[in-house]
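K.L.:
need a 3D model of the following:
(one chain, ligands or ions: 1)
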Amino acid sequence: MSMLKTILNKVLGRPLSNMASNGKLRGKVAIVTASTDGIGFAIAERLAADGASVVVSSRKENNVTSAVEKLKACGYSVSGVVCHVSKASDRERLIKEAQDKFGGIDILVSNAAANPGVGPVLESPEEVWDKIFEVNVKAAYLLSKEVLPYLRKRHGGSIVYISSILGFEPLGQLLGVYSVSKTALLGLTKAAAKDLASENIRVNCVAPGIVITKFSAALRESKESEELLLQNIPMKRLAVPKEISGVVSFLVSDDASYITGETIVASGGMASRL
Ligand SMILES: NC(=O)c1ccc[n+]([C@@H]2O[C@H](COP(=O)([O-])OP(=O)(O)OC[C@H]3O[C@@H](n4cnc5c(N)ncnc54)[C@H](OP(=O)(O)O)[C@@H]3O)[C@@H](O)[C@H]2O)c1
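P.N.:
Model prediction:
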């Protein structure tokens, strides 16, 4: 990890603990799902550092409490609530928390995903397909729909879905159904963006490559499997979560005010054509 950090510091030209932030999201309220760890936590941290008030959430109360404590210790405006994205009452509580604590919603980052089983797509049991689509796609659609009245009250807003490079090029033997669910998010982005563009509600997507988090741990479990991954990454390294959160912050900011329906790929050069 320290070797990786040295390379990243060199590449990025600044320490990882001190990524740029300029208050560009001041006055905005953001909901980020699955944001107590990994990419979601980095997104919550970055949006808060950029001035937004952020509601963090995930399934486990202790994770929510510790994420909120960490962010509050940095002086950020945050709140937290338990939300399993496929539970309607939890989504309702998440939205209510943003409304009650911060007075509305401007930004939704739909980041949660599940992958309960590995294997080729057509060999996956139906329950695996259902679970993956319920969490990765249907919950993203439902939460977007439920947040819409709040974005409309603000006369505009921004939604970002977290897809994956595997949505473009499936890791079929290992993550078949998961890959298909991530392709679906590319379609949801396009369709919702067209529907909402005239209301100044922008819908975009980020497709990360392989990022060092618990979620990708199984792919990196041995030196050999990590070497195999690196062979397919032109930049010859994996990403860290902060390299994804900056892209999200850009997309939800006014710097991206004329961008909607797009997916930004942050994959170290891995191929991204459907
Ligand atoms: N890591 C990668 O290489 C990679 C690459 C491309 C795309 N992505 C995508 O990036 C997103 C985040 O992945 P990650 O790697 O950051 O994962 P991670 O480090 O494993 O973090 C997972 C987070 O999600 C929460 N969570 C899990 N299931 C949830 C659910 N049903 N509802 C609400 N919260 C839930 C967890 O907290 P609790 O346990 O408390 O719920 C935790 O905060 C996912 O959409 C993933 O598909 C990841």
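
K.L.:
only C-alpha atoms from now on, for both contacts and neighbour counts.
P.N.:
OK.

K.L.:
what packs against the longest strand seen in the chain?
P.N.:
Ranked by number of residues, the top strand in the chain under DSSP state E is strand 201-208. Judged by 3 or more Cα pairs under 8 Å, 6 or more residues apart in numbering; DSSP states H and E, strand 201-208 is in contact with strand 157-162, helix 172-196, helix 242-252, strand 263-266.

K.L.:
list just the one of these that sits closest to the ligand.
P.N.:
Closest approach to the ligand among the helices and strands packed on strand 201-208 (Cα to the nearest ligand atom): strand 157-162, 5.2 Å.

K.L.:
ok so residue 55 is a helix residue?
P.N.:
No: read with DSSP: H, G, I helix; E, B strand; the rest coil, residue 55 is strand and lies in no helix.

K.L.:
count of neighbours near it?
P.N.:
With neighbours defined by other Cα atoms under 10 Å, the count for residue 55 comes to 28.

K.L.:
can you tell if the longest strand of the chain touches the ligand?
P.N.:
Yes: judged by Cα under 6 Å from any ligand atom, strand 201-208 and the ligand are in contact via residue 208.

K.L.:
use 19 as the first number for this chain going forward.
P.N.:
Taking 19 as the first residue, the last one we looked at is strand 219-226.

K.L.:
quick check: mean pLDDT of that strand?
P.N.:
Here strand 219-226 scores 98 as its mean pLDDT.

K.L.:
got a list of contacts for that strand?
P.N.:
169-170, 173-183, 185, 203-204, 207-208, 210-211, 214, 262, 265-266, 269, 275, 277-285 (Cα atoms under 8 Å, 6 or more residues apart in numbering).

K.L.:
could you point out which element follows it?
P.N.:
Once strand 219-226 ends, the next helix or strand along the chain (criterion: DSSP states H and E) is helix 241-249.
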